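S.K.: pasting the structure only:
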């Protein structure tokens with residue numbers, strides 16, 4: 001591993017923002033990272049950074065947009081339309097909307113990009129479409145069958161299904177009654193399933209609080225449930241916390257707060273294994289080492305993949321796989337007999353008070369959002385390769 005950049009979290013009106021999510025566009029030669037920011041507490045301030053990463057050069061900031069009265073919790077890149085989709089929570093007292101019915105501040109924004117992956121402008125204004133959503137906050141986004149899927153949490157939770165049209169953003173439907181909705185992911189390689197949703201513990205209307213992964217299919221008329229998978233042994237019990245889903249073929253990797261990370265067979269609707277959270281050390285407590293995010297990918301030049309888990313202030317843990325997840329078809333079968341303990345590689349610490357909240361491995365780069373610590377970019381490559389040398393880019397930005 002080679003650490004190539006640390007982007008300090010921006011400040012807004014004297015307060016330091018926290019990195020919340022990361023989306024990637026481009027390819028291995030030139031990639032662009034879109035980093036979203038929010039502010040802890042009741043005040044809503046956020047923003048987004050656009051980083052350019054050319055192979056062999058240190059990253060540089062191409063653009064920085066700060067938002068007032070708006071927390072930005074999620075960033076997703078749509079390669080088909082060349083848009084960045086942002087999930088927000090905006091100040092309910094500043095922005096008030098009569099509809100939708102359960103509006104409490106959740107908001108969606110689509111920003112068009114130009115051919116250089118920068119924010120597109122027309123007559124000096126950013127080309128953007130936006131609309132209020134149900135519930136309190138939009139905490140993720142995914143694209144499936146040309147639909148934009150945005151989960152909104154809390155007791156009025158569910159999935160907003162949106163479509164991009166020539167006139168802007170349109171609401172297709174709201175899949176309601178999914179309390180504590182946290183994450184969504186498309187399943188392009190899964191028969192009869194278009195996407196999955198993770199629902200957490202907080203279900204006030206049910207005696208069974210067991211979190212679930214819910215499988216959905218679009219039948220050309222509406223969205224129907226085609227299966228559910230209970231997340232248990234152990235049951236994650238932290239309510240309204242950060243979680244993430246990443247799908248590879250027939251397997252979902254779920255980071256579920258106090259429950260750790262689950263590897264889930266989406267065909268047989270079963271949990272393959274659980275990777276528990278680490279034991280807190282020093283001054284850390286259990287609530288500081290929860291599983292916030294997980295990503296799986298293959299380091300540059302390698303034939304074996306690695307699982308990276310963002311475990312809050314503990315840092316990022318790494319677990320080796322003995323296969324290349326990016327070229328394997330039946331992934332669930334590869335986990336037969338897998339033992340996380342014997343495949344543990346170690347962890348990366350980012351210093352006291354810096355919480356690993358998001359993690360993403362793409363094109364050999366590991367991006368880690370560390371809250372107040374900003375974003376760290378780490379080049380991950382096969383140990384048999386020579387160490388990559390990095391140069392300063394033109395118009396270098398500190």
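M.R.: Arrived safely, thanks for sending. Computed from a prediction, not measured in an experiment: that's the story for all the values here.
S.K.: Could you measure from the closest residue to residue 198 other than its chain neighbours over to residue 322?
M.R.: Distances taken as Cβ to Cβ, 6 or more residues apart in numbering put residue 183 closest to residue 198, at 4.4 Å, once the chain neighbours are dropped. In this view, the C-beta of every residue, glycine as well, is placed from N, C-alpha and C. Separation of residue 183 from residue 322 (Cβ to Cβ, to the nearest Å): 27 Å.
S.K.: More neighbours: which of these two?
M.R.: A count of neighbours by other Cβ atoms under 10 Å puts residue 183 above the other of residue 183 and residue 322, at 27 against 10.
S.K.: Kindly state the pLDDT recorded for the more buried one?
M.R.: For residue 183, the model assigns a pLDDT of 98.
S.K.: Direction included, what does the helix or strand that contains it pair against?
M.R.: Here residue 183, judged by DSSP states H and E, is contained in strand 181-186. Sheet partners assigned to strand 181-186 using DSSP bridges are listed as strand 195-199 (antiparallel).
S.K.: for the record, mean pLDDT for the partner strand?
M.R.: 98.
S.K.: Stretch 303-314 too?
M.R.: Stretch 303-314 comes out with an average pLDDT of 97.
S.K.: Distance from that stretch to the middle of the chain?
M.R.: 14 Å (Cα atoms, centre = their mean, to the nearest Å).
S.K.: what does stretch 272-282 give?
M.R.: 20 Å.
S.K.: buried residues in that stretch?
M.R.: In terms of neighbour count (16 or more other Cβ atoms under 10 Å), stretch 272-282 has its buried residues at 272, 274-275, 277-278.
S.K.: Ok, stretch 52-67 next?
M.R.: 52-55, 57, 59-62, 65-67.
S.K.: same thing with stretch 163-181?
M.R.: Using 16+ other Cβ under 10 Å as the test for burial, stretch 163-181 gives 164, 169, 171-172, 174-176, 178-181.
S.K.: do stretch 329-341 as well
M.R.: For stretch 329-341, by 16+ other Cβ under 10 Å, it's 331-332, 334, 340.
S.K.: looking at the chain, which residue lies furthest from center?
M.R.: residue 123 (32.6 Å; Cα atoms, centre = their mean).
S.K.: Quick one: the buried residues of stretch 163-181 as TSV, columns for distance to residue 256 too.
M.R.: Shown next, in TSV, are the buried residues of stretch 163-181 (distance: Cβ to Cβ, whole Å):
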residue	distance to residue 256
164	30
169	30
171	29
172	28
174	24
175	20
176	22
178	15
179	15
180	11
181	13
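S.K.: now the strands: where do they sit in the stretch 151-300 of the chain?
M.R.: 158-165, 168-176, 181-186, 195-199, 212-218, 223-230, 243-248, 251-256, 261-265, 270-275, 293-297 (DSSP state E, counting those that start in this stretch).
S.K.: Could you dump the ones you listed into CSV and include distance to residue 98?
M.R.: Compiled in CSV, the strands of the stretch 151-300 of the chain are given as follows (distance: least, Cβ to Cβ, whole Å):
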stretch, distance to residue 98
strand 158-165, 17
strand 168-176, 15
strand 181-186, 23
strand 195-199, 27
strand 212-218, 29
strand 223-230, 26
strand 243-248, 31
strand 251-256, 35
strand 261-265, 40
strand 270-275, 43
strand 293-297, 35
